[in-house]
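**Student:** Predicted model and sequence below, questions to follow.
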Amino acid sequence: MKVGVIGAGVMGRGIAQVSAMAGHKVVLFDINHEVLEAAKTAVTKNLNKAIELGKLSEEGKRSAEDNMQYTNSIADVRVELIIEAIVERLDVKTKVLADLAEINGESTIYASNTSSIPLTQIAANFVYPKQVVGIHYFNPAHIMKLVEVISAEQTSPEVVKVALEYVKSVNKTCVVAKDAPGFIVNRVARHFYVEGLKILEEDVASHDVIDDLVRASGFKMGPFQLMDLIGVETNLSVTESMYKLFNYDQKFRPNRIQQKKAQAGYYGRKSGKGFYTYE
């Protein structure tokens, strides 16, 4: 299958990488040339790390790299499956998908990696609503095993079937979800972050102590480490969206501490500083 990934940020390049490693031809598109160059460097680094860990051969690396095409021309995205991984704004997603529909037509499947925007809403604004589906990876996409496939109200059963087959082909564990706010994982996990932030806000414990306690309970990472990895501003955006979708239920309320971090540009690992400082 030929796959087009829209957006070469952390999520997009991870999705492109796992697709290429699984043998799919991949077109990774971003309007920003520097972001594309950074994506290419990151993918190469990830592949080299996989070789070091004995999870990939040199031949496998060459094959994955041969399957990857990097482009800042949207006209190059002529594919069977599109996965958009761009900013969490409905208007931006709608515009980009409309442009892609003019290039690809009705036979292509248009998937969104959205964390919180209702797929039914995306499909309602699209010329081919039956072809819209959710394929939601988790960060980092080249490591995390779970992928949610979300069916909008308009999605064709055949499109869901193809999405499931694609997810299986990239060696991920697939969970099918209905189109509800946050789907499954983000709805359950939201309070992992929100409650951690409340404890910090109430000065019950420092962020590093909270993370230590959570790890001691069996989690690989604490909430503040995970927010830094995902991106503080990305995590905040999902919380804000779910707060609105759940009719401003206070248990989903965005936290001022996280808002200040995002306003300051302290996004976590990607910016060198978040709740922790990175070299």
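**Tutor:** That came through, no problem. Numbering: from 1, shown residues only.

**Student:** Now do the contacts for Arg89.
**Tutor:** Residues counted as contacts of Arg89 (Cβ atoms under 8 Å, 6 or more residues apart in numbering): none. For the C-beta atoms, the positions are set from N, CA and C on the backbone; glycine is no exception.

**Student:** Now do the buried residues in the longest helix belonging to the chain.
**Tutor:** Across the chain, the longest stretch assigned as helix under DSSP state H is helix 33-52. For helix 33-52, burial by neighbour count (16 or more other Cβ atoms under 10 Å) applies to Val35, Leu36, Ala38, Ala39, Lys40, Ala42, Val43, Asn46, Leu47, Ala50.

**Student:** I figured the first one was touching Gly9, is that so?
**Tutor:** Yes. With contact defined as Cβ atoms under 8 Å, Val35 counts as touching Gly9 (6.6 Å).

**Student:** just to revisit the earlier point, reformat the buried residues of helix 33-52 as CSV; add distance to Gln259 and pLDDT.
**Tutor:** Converted to CSV, the buried residues of helix 33-52 look like this (distance: Cβ to Cβ, whole Å; pLDDT from 0 to 100):
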residue, distance to Gln259, pLDDT
Val35, 25, 95
Leu36, 30, 95
Ala38, 27, 95
Ala39, 28, 96
Lys40, 33, 95
Ala42, 28, 94
Val43, 32, 96
Asn46, 31, 94
Leu47, 37, 95
Ala50, 37, 93
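
**Student:** Closest one to Ala111 out of those, please.
**Tutor:** The nearest member of those to Ala111, counting by Cβ to Cβ, is Ala39 at 18.9 Å.

**Student:** Distance-wise, check the closest one relative to Gly9.
**Tutor:** If you measure Ala39 against Gly9 using Cβ to Cβ, to the nearest Å, the figure is 8 Å.

**Student:** Are there residues contacting both of the two? Which ones?
**Tutor:** Common contacts of Ala39 and Gly9 (Cβ under 8 Å, 6+ apart): Asp30.

**Student:** ok, now which ones touch Leu245?
**Tutor:** Leu245 neighbours (Cβ under 8 Å, 6+ apart): Ser116, Pro118, Pro181, Gly182.

**Student:** what about the closest residue to the first one other than its chain neighbours, how many neighbours?
**Tutor:** This means Ser116. Leaving aside its chain neighbours, Ser116 sits nearest to Ser241 (3.9 Å; criterion: Cβ to Cβ, 6 or more residues apart in numbering). Using other Cβ atoms under 10 Å, Ser241 has 23 neighbouring residues.

**Student:** Need the distance between the two termini of stretch 198-211.
**Tutor:** 13 Å (Cα to Cα, to the nearest Å).

**Student:** ok, and what's touching that stretch?
**Tutor:** So stretch 198-211 is contacted by Gly196, Leu213, Met221, Gly222, Pro223, Phe224, Gln225, Asn255, Arg256, Ile257, Phe275, Tyr276 (Cβ under 8 Å, 6+ apart).

**Student:** Thanks a lot, see you next time.
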